[in-house]
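Participant: Here's my sequence, what's the structure:
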Amino acid sequence: MSPRADRGDRPARLIEDGRKLATVACVVLLVSLFLPWYEKSVVPEGAKTFVTTNLSAFGSFTWIEAAIILVDAAVLTLLWLRRTDRRVELPAGDGTMIAIAGGWIVLLLLIRVFDKPTVTGTAASVGLQWGLLVAMASAGALLAAGLAIRAIELTAGHDADEADMAPSP
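Facilitator: Predicted coordinates for the structure are as follows:
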């Protein structure tokens, strides 16, 4: 195999690797919804000590979690359609769309960091837990995978344009 042939196949392999990373990031993000995102501490009436419970994303479900699930499912659907060689028309390339989805999820998670669930009771407080960090890391990985795919798509398109413009011998 010539180095030129290997070079032409390399972007396709790298894009496939980026899609695998995006798939793993989406699955980890869905799993993180079941992990503890918040720790709720309350002193019940008549008690003298704190009672602490953990809340998952489903324990404090809002429109933000619904949007995260919807965007995550859309990316997984896109990746599945590409894997099965089905045609999908997008306003931009796969990498751009996956990066936008990852960035949107990061933004939604940042909102959720500051918009904690409300707790009533004496000396009630809500703290962050490690599950939210896992969700943030997987959303960042999704964003990174999308940017990597986009860069490879742009490079592959640029190489194809150069090959079309090269003079024929």
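Participant: got the contact list for the nearest residue to residue 121 once chain neighbours are set aside?
Facilitator: Distance criterion C-beta to C-beta, 6 or more residues apart in numbering; nearest residue to residue 121, sequence neighbours excluded, is residue 42 at 4.0 Å. For the C-beta atoms, the positions are set from N, CA and C on the backbone; glycine is no exception. Going by C-beta atoms under 8 Å, 6 or more residues apart in numbering, residue 42 touches 50-51, 119-125.
Participant: Out of these, list just those in strands.
Facilitator: Cross-referencing those against strands under DSSP state E gives 51, 122-125.
Participant: With residue 105 as the reference, measure out to residue 19.
Facilitator: 17 Å (C-beta to C-beta, to the nearest Å).
Participant: Check which helix or strand the residue most central in space within the chain maps to.
Facilitator: Against the mean C-alpha coordinate of the chain, by C-alpha atoms, centre = their mean, the closest residue is residue 139 at 3.3 Å. According to DSSP states H and E, residue 139 maps onto helix 130-165.
Participant: Let me see the mean pLDDT of that helix.
Facilitator: The pLDDT scores in helix 130-165 average 82.
Participant: Please apply the same query to stretch 95-103.
Facilitator: On average, stretch 95-103 scores 95.
Participant: any residues touching it, and which ones?
Facilitator: Taking C-beta under 8 Å, 6+ apart as the rule, stretch 95-103 contacts 15, 18, 22, 25, 71-72, 74-75, 78, 90-92, 139-153.
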